[in-house]
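Student: Just to be clear, the model below is a prediction. Sequence and coordinates:
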2 protein chains.
Amino acid sequence: MKVAVNIHLKKGVLDPQGKAVLNALNSLGFDEVKDVRVGKQILIDIDTNNKEEAIKKAKKMADELLANPVIENYEIEVKE
Amino acid sequence: MKVAVNIHLKKGVLDPQGKAVLNALNSLGFDEVKDVRVGKQILIDIDTNNKEEAIKKAKKMADELLANPVIENYEIEVKE
């Protein structure tokens, strides 16, 4: 089962990479872009067919290793 | 309208960061993890209420700036 862990900086934490992309998009003529946040998407292939179990495991991985709870939020998404 | 552009290395392109995360997860006891790929998720706030237009614009941004078509694939996801 494939699970995506989407990790983003919390609101209020400065995201200079996002700001750089925003400026680049605006200067390329994409004036309708108001905000950009750059985060990580980690795709994890877990050896189980149980969706609830996969989500639970992914949550544990995010808490223990993948995300930094001080500055980052994450969400889990089951892909297939 | 918020749109996510998920960018990952193409299959066949080596992903050392993903491999490192895989090894770290396995050594933490997550033996059921078979593969990990680390990519980017770019959240873009586009000033439009038209879903089709937002997707079209995001695709253009990905092609022109966000993704490297030689080694990366991307997918567009409308968030809200």
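Tutor: Perfect, thanks for sending it.
Student: so where do the strands sit in chain A?
Tutor: Under the criterion DSSP state E, strands of chain A are mapped to A:2-9, A:33-46, A:72-78.
Student: Now render the ones you listed as TSV, adding distance to residue B:55.
Tutor: Every C-beta, even on glycine, is put in place using the N, C-alpha and C of the backbone. Below are the strands of chain A laid out as TSV (distance: least, Cβ to Cβ, whole Å):
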stretch	distance to residue B:55
strand A:2-9	18
strand A:33-46	14
strand A:72-78	18
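Student: so which of those strands comes closest to chain B?
Tutor: Closest to chain B of the strands of chain A is strand A:33-46 (Cβ to the nearest Cβ; 4.0 Å).
Student: Please put the alpha-carbon coordinates of the closest one into CSV.
Tutor: What follows is strand A:33-46, C-alpha atoms only, in CSV (Å, rounded to 0.1, in the frame of the first residue of the first chain):
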residue,chain,number,x,y,z
VAL,A,33,-0.2,33.6,-7.8
LYS,A,34,-0.7,35.0,-4.3
ASP,A,35,1.3,32.6,-2.2
VAL,A,36,3.6,29.6,-2.5
ARG,A,37,4.7,27.1,0.2
VAL,A,38,7.3,24.5,-0.6
GLY,A,39,7.2,21.3,1.3
LYS,A,40,8.1,17.6,1.1
GLN,A,41,6.0,14.7,-0.2
ILE,A,42,7.4,11.4,1.0
LEU,A,43,5.9,8.3,-0.7
ILE,A,44,6.2,5.2,1.4
ASP,A,45,5.5,1.7,0.2
ILE,A,46,4.2,-0.3,3.2
